[in-house]
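# Quick one: sequence and predicted model below, then my questions.
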Amino acid sequence: MTNELVDKVAIVTGGASGLGRAAVQQFLTEGARVVIADIDRDRGEALAAEYGADAAYKLTDVSDPQQIGDLVAFAVQTFGGLHVMFNNAGISGPMYPRFLDDDLTDFDRVIGVNLRGVMVGTRSAALYMTEHGGGSIINTTSIAGVQPSRSQITYAASKAAVIHFTQCAAIALGEYGIRVNCIAPGNIPTPLLESSRTQSLSDDTRAELFKLIRQIQVDMTPLNREGTPEDVAQAAVYFASDRSRYVTGTVLRVDGGTAAGGRAEHRRSSASPRFRWPCHGSRRRTPLTLRPPAAVQTSTRRPVGTRTGPASITRIVGGLGYQLHPG
């Protein structure tokens, strides 16, 4: 189907990169006019310029309620209405091998963007939509909010809260013709993953690490491939369009089946991913083999968190539920 969003006006927060950028592009392809909301002015303005009069950029920090209110007003003033609100902006935060290592210094920042930003965005859009025939509100959660894990607990809690809030809002706003749904992406490479704290690593080491993590994610996925931002964008079009006119309060997982049991039914590849820690002085690098969770349960070797390599790498790999072992 084409031109499913003709005559619709949409806002996409976090629209300058990653999942948001793909959604902006797909909405525009389907005929919508789109406001790109992001804190990245350069990327946001450049993307809007690619699409001319059908796109506009608005500098927006979703952790500030006033800026979200201004964003909705900007969309109405610029394009004459608002039919779709995609609360997509989100941030990650550090990964730790244990909750006890997390000092929660990022709690307010993560909750402010991931949860309060979604709640205020929903309310601000709904205040307009209630007086103008309804609309569709789409919130980005994550499979981290569906499937508990040992790491990034604040992030996971914020995304779980988005799911519960979405369902509450769907009940509260249904009488006004406003549908509220959320998308739970999983195993999709975006700048959000790489925003985790790996700044202490060299560019080559960081690239090697994220190559390893992406292989982990593929191995955890029943469909045996990575997802793409475009996969999420297609889900967003479904919720934005009239095809979902009788759908509200729904969590749509776009994760290749991971949350359905990818971890529990993990298929270990014949060649386990290997990663070498960076050299330190004259010390020879030790190759490390990645072990999936099933193998971890019976392992007697050192767990994640012991001194086998840079702490930032240990946190990230440990956060995925894996261990790194010598050899």
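It's in. Source: prediction; values computed, not measured.
# Check what pLDDT Val247 gets.
Looking at Val247, its pLDDT stands at 98.
# Quickly find the element holding it.
Under DSSP states H and E, no helix or strand contains Val247.
# Show the backbone phi and psi for it.
Backbone torsions for Val247, taken as degrees, to the nearest 10, come to phi -120, psi 120.
# right, and it touches Asn181 too?
Yes. With contact defined as CB atoms under 8 Å, Val247 and Asn181 form a contacting pair (6.4 Å). Where C-beta positions appear, they are placed from N, C-alpha and C, glycine not excepted.
# which residues do the two both contact?
Each of Phe239 lies in contact with both Val247 and Asn181 under the rule CB atoms under 8 Å, 6 or more residues apart in numbering.
# More neighbours: which of the two?
Per other CB atoms under 10 Å, whichever of Val247 and Asn181 has more neighbours is Asn181, with 24 against 14.
# residues touching Asp231, list them.
Pro185, Ile188, Val254.
# One more pass at 10 Å, please.
Contact analysis of Asp231 by CB atoms under 10 Å, 6 or more residues apart in numbering lists Leu19, Ala22, Ile183, Pro185, Ile188, Val254, Asp255, Gly256.
# Regarding the protein, what is its longest helix?
Secondary structure assigned by DSSP state H gives helix 153-173 as the longest helix of the chain.
# next helix or strand past that one?
Next element after helix 153-173 (DSSP H and E): strand 178-185.
# Relative to the whole chain's centre, how far out is that following strand?
Centroid separation between strand 178-185 and its chain, computed with CA atoms, centre = their mean, to the nearest Å, is 13 Å.
# helices or strands up against the longest helix of the chain?
helix 107-111, helix 117-129, strand 135-140, strand 178-185, strand 251-254 (3 or more CB pairs under 10 Å, 6 or more residues apart in numbering; DSSP states H and E).
# mind putting these in TSV, mean pLDDT included?
Output for the helices and strands packed on helix 153-173, formatted as TSV (pLDDT from 0 to 100):
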stretch	mean pLDDT
helix 107-111	96
helix 117-129	98
strand 135-140	98
strand 178-185	98
strand 251-254	97
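# Please identify the most buried of these.
strand 135-140 (a mean of 27; mean count of other CB atoms under 10 Å).
# Do a quick rundown of the helices in the stretch 1-150 of the chain.
Applying DSSP state H, counting those that start in this stretch to the stretch 1-150 of the chain gives helices spanning 18-29, 41-50, 65-79, 107-111, 117-129.
# Tell me what angle the longest one forms with helix 117-129.
The reference is to helix 65-79. Here helix 65-79 runs at an angle of 40 degrees relative to helix 117-129 (axes from the mean of the first three to the mean of the last three CA atoms, to 10 degrees).
# helix, strand or coil for the residue lying closest to Asn224 once chain neighbours are set aside?
Nearest residue to Asn224, sequence neighbours excluded (CB to CB, 6 or more residues apart in numbering): Val218, at 6.4 Å. Judged by DSSP: H, G, I helix; E, B strand; the rest coil, the three-state class of Val218 is helix.
# Touching, Val218 and Glu226? I think so.
Yes. Proximity of Val218 to Glu226 meets the contact threshold set by CB atoms under 10 Å, at 5.9 Å.
# Quickly list what's touching both of those two.
Asn187, Gly256.
# coming back round to it: report the separation between the residue nearest to Asn224 and Thr140.
Distance, Val218 to Thr140, by CB to CB, to the nearest Å: 22 Å.
# on that earlier part again, pLDDT at the residue nearest to Asn224, what is it?
Model confidence at Val218 (pLDDT) stands at 76.
# how close does the residue nearest to Gly81 when sequence neighbours are not counted sit to Met85?
Distances taken as CB to CB, 6+ apart place Val9 nearest to Gly81, at 4.9 Å, with adjacent residues excluded. As judged by CB to CB, Val9 and Met85 stand 10 Å apart.
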